[in-house]
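**Student:** next come a sequence and a model predicted from it.
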Amino acid sequence: MQISRAVLVALVGLLAACETSEPSGRNPTIPSAASSSQLRPGDSLTVAIIGVPDPSTNSVQIDDQGIISLPYIGTIKASGHTTASLTQQIREAYVTKKIYTSVDVSVSVTERYVYVGGEVEKPGRIIWTPDLTAAKAIQAAGGFTLYAKEDKVGIVRNQTLYVLDIRLAQKNPSQDPRLEPGDSLQVSRSTF
């Protein structure tokens, strides 16, 4: 049985296409979001109200509109503030609404998250740490599934999409960008 030259060339081409190539090039530079000290939607906060007859500690999360809700004063815009400026705003709200004449308020961030979805073993939110990179977030989500497209991982920051090659990031740590709170990673599905 003879195989024609055209069929042989097609088979070699097909096998070459199936072979994984070494990652090369550079991942895009992702600009930093607003100041990391600013509060964002999704941040979990502890708001302590002290120095009053009925002190309380409230665990709240900033919603998608950047709002938190507290007893007696209702909703307050929290995103975009620092913990210090939010502390002052809450203190003024309690005094202005004549709930308390004098109050001490303390606001602290308890947890911040990044989100990993798509073709990873355990999609969901991951607690952000200052050293968290894209490759580490994928590992924390259980790694890639069999169908993951490792060279097409999207990171959304400030409503802008950046596409990364995680294989390149794993091979060259300088190509593995640090994540910021609120970043979202989406791992595409391969056609094979």
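**Tutor:** That came through fine.

**Student:** how about the strands in the chain?
**Tutor:** 44-50, 56-61, 67-70, 74-77, 104-111, 113-118, 124-127, 148-157, 160-164, 184-189 (DSSP state E).

**Student:** comparing the ones you listed by mean pLDDT, which bottoms out?
**Tutor:** For these, the bottom mean pLDDT is recorded on strand 104-111, which sits at a mean of 89.

**Student:** by contact count, what packs against it?
**Tutor:** When contacts are defined as 3 or more CB pairs under 8 Å, 6 or more residues apart in numbering; DSSP states H and E, strand 104-111 sits against strand 44-50, helix 83-96. No exception for glycine: its C-beta is placed from N, CA and C like everyone else's.

**Student:** neighbouring strands - and their directions - for it?
**Tutor:** For strand 104-111, sheet partners with direction are given as strand 44-50 (antiparallel), following DSSP bridges.

**Student:** tell me who's in contact with the closest residue to residue 26 other than its chain neighbours.
**Tutor:** Distances taken as CB to CB, 6 or more residues apart in numbering place residue 175 nearest to residue 26, at 6.3 Å, with adjacent residues excluded. By CB atoms under 8 Å, 6 or more residues apart in numbering, the contact list for residue 175 reads 26, 27, 165, 168, 169.

**Student:** tell me the spacing between residue 175 and residue 95.
**Tutor:** 51 Å (CB to CB, to the nearest Å).

**Student:** quick one, domains of this structure?
**Tutor:** Dividing the chain into domains by automatic domain parsing, as the record does, gives the ranges 44-111, 113-192.

**Student:** identify the residues contacting residue 150.
**Tutor:** For residue 150, the residues meeting the contact criterion (CB under 8 Å, 6+ apart) are 144, 165, 166, 167, 187.

**Student:** these in helices, which ones?
**Tutor:** Among the contacts of residue 150, the members found in helices (DSSP state H) are 166, 167.
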